[in-house]
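Undergrad: with the input below, show me the fold.
(one chain, ligands or ions: 1)
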Amino acid sequence: MRKTVFCATTALAIGSCQQAEQPLDAKDPIEVRVDSLLSQMTLEEKVGQLNMYNGTWDFTGPVPEQADAQEREDQIRSGGVSAMLNVLTPEAICAAQRMAVEESRLGIPMLFGYDVIHGYKTMMPIPLGQASSWDPTVAERANRVAAAEATSEGLSLAFGPMVDITPDARWGRIMEGAGEDPFLAARMAEGWVKGFQGTDLSERHSIAACAKHFAGYGFAEAGKEYNTTDMSDQTLLNVVLPPFRAAVDAGCAAIMNGFNDLNGVPVTANAYIQRTQLKEAWGFDGFVLSDFNSVPELVTHGYSPDMPEAGKAAFLAGSDMEMESRLYERHLLDQVKSGEVSEELIDDAVRRVLRIKFRLGLFENPYKYCEADGIEIMSESHLQEARELARESMVLLKNESATLPLQKEASIGVIGSLARSKDVPLGNWRAQAVENSAVSLLEGIRAAAGSKVEFAEGYRISSGRRSFIFDMEWADPSEKGFEEAIQVARRSDVVVMALGEDCYQTGEGRSQTDVGLKGDQLELFHAVRAVNPNVVVVLMNGRPLAIPDIQQHASAILESWHAGSQAGHAIADILFGDHNPSGKLPVSFPHHTGQEPLYYNHKKTGRPVTNDFDKGLVFWAHYSDAPVEALYPFGYGLSYSRFIYSDLEINDSILRSGADLEVRVRLTNDSKIAGQEVVQLYIRDPYGSLTRPVKELKAFQKIHLKAGESQLVSFRLSEEDLAYHWSRERFEAEPGRFELYIGGNSHEVLQTAFTFR
Ligand code: BGC
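TA: Residues are numbered from 1 along each chain as shown. Model (predicted):
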């Protein structure tokens, strides 16, 4: 028998392998191998497995002190580095892996992590866009492509999916997640994890997923990045945690915590969420990774008095691996020796890390991600996936008098600098996307419609956005631009106007106090409309926008988000009717930023707006200068087909504990075009021991119907669907009357009721 399994026989494995004292038999169950390896490790080597360090470039946060290249290499050789982030060429990754495997005493392979959020080089729509498909297979397909490309270039750990629920459009990272609803986000989380990890983590193109940011980060007060989060246990348990639970149940290998203070305990040091919930209650057996420098920031938060205490607090609370900062490296050893930290806890953390490395098959073949794999980056088939998934992610918000689809023969004026951008559609968190590699809207329209297409830039959105320094001037007003745009609009049958946001207006560190259109976009819209009222607006953005004027005056509005590499083709497919849109909003759009946080599943209050409000009475839960409801509600989205809901029925008026209720509704495609509709089921517990939201999504199905076709769509509801966390200790459904709603969005619904007992 070979003395060690750490020595791989691959083309790249050169030099001599290091020798473990005890052989590990690849046929043994992973847990046996983990324990056997652990028993051979020194305390120093164990602590080494808890360190993740940055490569020497591409930082995603402040770096207080960075090791130089020589120091880093020495650390790897001594077994002091478990994982690296932002090492970005296959050559660099494989060279570093060789150092760990062939030059450290035990030869434990390293993990290589990177922010693969919506694609690696082939960019998929931003996650908020993918969530608009209301189709977990879209998430899965997007991440399958991302995993293939990322693993092909040597990566083994993706810092995604981001499954933070956020009710606040001001928060810049809203683009990275699935929006405001825990049920939809949970289904997307499952799809994203499956896409990354495939059916078997040890396969060549499976990448370990790391769901983030655990937990509550999306509830940053006032939508301000990195701000404090303060919420009830009910919100935490019923709204924030479910997508993480879904990711864990889908087998997610790792969890990343975050930067936020949660109810007085920063999440990096929060034992309740990391140990009590994640590890104990949910049985999560992977590892928890801190966020970039979030461990030393415990001192800045005012939670820990000094760096050693910060490291100890994070570790004791369940942060197994430290990203970038060096407090575990510096202090854990002494803290174990002094008895402040038990070696059992260190063993538990190390086991978690090793388990994932074993599951990835890195001990059988540490160079698995270095081997040639036949994957073509940005291949035709990957780009085709990007185009199809982008089409599924777009939401038709308005289509007055069937303005869309457009005739390909019409003369079309394309207006707005976003329409020409080959870069903005790639979105923020774009991994290794090649700059300017997207198909622009203008290119997409030209490819589809031919010769009668004219373009005018009109407005410009700020550049300078790439640096860490903000350019607060978002637009560059130009009278010349206006004049050209107006002339083009005059000469055209129809105007397609791209409005929205630069891709760096959203993402980390990109919170805003105003979610309207920046610069003079709105002014240009009105100037264009004055000469040609036939204006189709294509929105490109990473957050819900406050666009009441556009809603009122545009003839049609298509929300395309930042749609990825094939954005222009995908948008054109919809504009010209080659694809029938079916996306639905995963977030509420406000009339005004001041309505934020705005979310459909809010509580009722004691003075909800009723019909009396229309009579001008003052004392209701409302604003006196803006509407109270959403401009576009959660779940909203049109199609070129016309869908009718009827005949809502339940098979019993009583749902008994332990039994099911069958709910049926008839969906009819009352149009001459085949299409897809997302049928949404919501419930409400109208009164109980604790007040409950006015609506909660509990199920949905995406139904395809031919022209004129009709189908009974059925759902099953059980006690589990009615249950919620009353407190940390209590998760159950309360007997009583429940209202049930079904419809094509959260606002327009058919309604019935049943009793649970
Ligand atoms: C972000 C994480 C990211 C990490 C590594 C942090 O600033 O919050 O989401 O994964 O950097 O790039």
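Undergrad: just the helices in the stretch 201-350 of the chain please.
TA: Counting by DSSP state H, counting those that start in this stretch, the stretch 201-350 of the chain has helices at residues 233-235, 242-249, 271, 297-301, 307-316, 327, 333-337, 343-359.
Undergrad: buried stuff in the fourth one?
TA: Neighbour-count burial for helix 297-301, counted by 16 or more other CB atoms under 10 Å, picks out Glu297, Leu298, Val299, His301. C-beta coordinates here come from the backbone N, C-alpha and C atoms, glycine included.
Undergrad: what's the burial count for the closest residue to the last one other than its chain neighbours?
TA: Spelled out, it's His301. Once flanking residues are discounted, His301 sits nearest to Pro266: 4.9 Å by CB to CB, 6 or more residues apart in numbering. Counted by other CB atoms under 10 Å, the residues lying close to Pro266 total 27.
Undergrad: would you turn the buried residues of helix 297-301 into JSON lines with distance to the ligand and pLDDT?
TA: Output for the buried residues of helix 297-301, formatted as JSON lines (distance: CB to the nearest ligand atom, whole Å; pLDDT from 0 to 100):
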{"residue": "Glu297", "distance to the ligand": "11", "pLDDT": "98"}
{"residue": "Leu298", "distance to the ligand": "15", "pLDDT": "98"}
{"residue": "Val299", "distance to the ligand": "18", "pLDDT": "98"}
{"residue": "His301", "distance to the ligand": "15", "pLDDT": "98"}
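Undergrad: looking at these, which is nearest Phe315?
TA: Leu298 (11.0 Å; CB to CB).
Undergrad: contacts only, for that closest one.
TA: Pro266, Thr268, Ala269, Ser304, Glu309, Ala310, Ala313, Ala314 (CB atoms under 8 Å, 6 or more residues apart in numbering).
Undergrad: so the nearest residue to Val618 once chain neighbours are set aside: helix, strand or coil?
TA: Using CB to CB, 6+ apart and skipping the chain neighbours, the partner closest in space to Val618 is Ser624 (7.6 Å). When classified by DSSP: H, G, I helix; E, B strand; the rest coil, Ser624 comes out as coil.
Undergrad: look up how far Val47 lies from Ser624.
TA: Going from Ser624 to Val47 by CB to CB, to the nearest Å gives 59 Å.
Undergrad: next: Ile76.
TA: Distance, Ile76 to Val47, by CB to CB: 14 Å.
Undergrad: for Asp660, give the beta-bridge partners.
TA: Assessed by DSSP bridges, Asp660 has beta-bridge partners Ser718.
Undergrad: separation between the residue nearest to Val618 and Leu262?
TA: Taking CB to CB, one finds Ser624 at 34 Å from Leu262.
Undergrad: what do you get for Ser132?
TA: To Leu262, Ser132 is 28 Å away according to CB to CB.
Undergrad: what about these two, which has more around it?
TA: Between Ser132 and Leu262, counting by other CB under 10 Å, Ser132 is the more crowded of the two (30 against 25).
Undergrad: and the pLDDT at the closest residue to that one other than its chain neighbours?
TA: Closest residue in space to Ser132, ignoring its immediate chain neighbours: Gly583 at 4.1 Å, by CB to CB, 6+ apart. Gly583 is assigned 99 on the pLDDT scale.
Undergrad: and Gly583, how many neighbours does it have?
TA: 32.
Undergrad: my read: it touches Leu558, true?
TA: No - counting by CB atoms under 8 Å, Gly583 does not reach Leu558; the two are 9.5 Å apart.
Undergrad: find residues that contact each of these two.
TA: Met394, Val395, Leu396.
Undergrad: out of those residues, which comes closest to Gln274?
TA: Val395 (35.8 Å).
Undergrad: OK, contacts around the residue nearest to the spatial centre of the chain?
TA: Closest to where the C-alpha atoms of the chain average out (CA atoms, centre = their mean) is Gly177, at 2.6 Å. Residues in contact with Gly177 (CB under 8 Å, 6+ apart) are Pro127, Leu128, Ala131, Pro161, Met162, Val163, Asp164, Ile165, Thr166, Ala185, Gly218.
Undergrad: against Gly542, how distant is it?
TA: On the measure of CB to CB, Gly177 and Gly542 end up 11 Å apart.
Undergrad: next helix or strand past the helix or strand of the chain with the lowest mean pLDDT?
TA: When the helices and strands of the chain are scored by mean pLDDT, DSSP states H and E, helix 611-614 comes last with a mean of 66. As assigned by DSSP states H and E, the chain's next helix or strand after helix 611-614 is strand 643-650.
Undergrad: list of residues touching the next helix-or-strand element following that next one?
TA: Scanning forward in sequence from strand 643-650 by DSSP H and E, the next helix or strand is strand 654-655. Residues outside strand 654-655 that contact it (CB under 8 Å, 6+ apart): Leu661, Leu717, Ser718, Glu719, Leu722, Phe738, Phe754, Thr755, Phe756, Arg757.
Undergrad: just give me the closest of the residues you listed to Glu385.
TA: Leu717 (34.3 Å).
Undergrad: was I right about that closest one contacting Arg656?
TA: No - judged on CB under 8 Å, Leu717 makes no contact with Arg656 at a distance of 11.7 Å.
Undergrad: so between those two, which is more surrounded?
TA: Leu717 (22 against 12).
Undergrad: now do the contacts for that one.
TA: Per CB under 8 Å, 6+ apart, neighbours of Leu717: Leu655, Asp660, Leu661, Val663, Leu681, Ile683, Lys698, Ala699, Leu740.
Undergrad: mind redoing it with 10 Å?
TA: 650, 655, 659-663, 681, 683, 698-699, 738, 740, 754, 756 (CB atoms under 10 Å, 6 or more residues apart in numbering).
Undergrad: filter those to the buried ones?
TA: Ile650, Leu655, Leu661, Val663, Leu681, Ile683, Lys698, Ala699, Phe738, Leu740, Phe754, Phe756.
Undergrad: could I have stretch 745-757 exported to CSV, CA atoms only?
TA: Provided in CSV are the C-alpha atoms of stretch 745-757 (Å, rounded to 0.1, in the frame of the first residue of the first chain):
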residue,chain,number,x,y,z
ASN,A,745,-48.6,38.9,-8.8
SER,A,746,-48.9,39.7,-5.1
HIS,A,747,-51.5,42.4,-5.7
GLU,A,748,-54.1,41.0,-8.1
VAL,A,749,-55.3,37.8,-6.7
LEU,A,750,-58.3,35.5,-6.3
GLN,A,751,-59.1,34.8,-2.7
THR,A,752,-60.5,32.0,-0.6
ALA,A,753,-60.1,30.8,3.0
PHE,A,754,-59.8,27.7,5.1
THR,A,755,-59.4,26.7,8.7
PHE,A,756,-56.4,24.9,10.2
ARG,A,757,-57.0,22.7,13.2
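Undergrad: so which residues on the stretch 151-300 of the chain come close to the ligand?
TA: With CB under 6 Å from any ligand atom as the criterion, the stretch 151-300 of the chain meets the ligand at residues Phe159, Lys212, Asp291, Phe292.
Undergrad: where in the stretch 451-600 of the chain is pLDDT low?
TA: For the stretch 451-600 of the chain, residues meeting the criterion pLDDT under 70 lie at 462-479.
Undergrad: name the helix or strand for whichever residue of it sits closest to the ligand, please.
TA: With CB to the nearest ligand atom as the measure, Glu508 is the residue of the stretch 451-600 of the chain nearest to the ligand, at 5.6 Å. Glu508 is located outside every helix and strand, with elements delineated by DSSP H and E.
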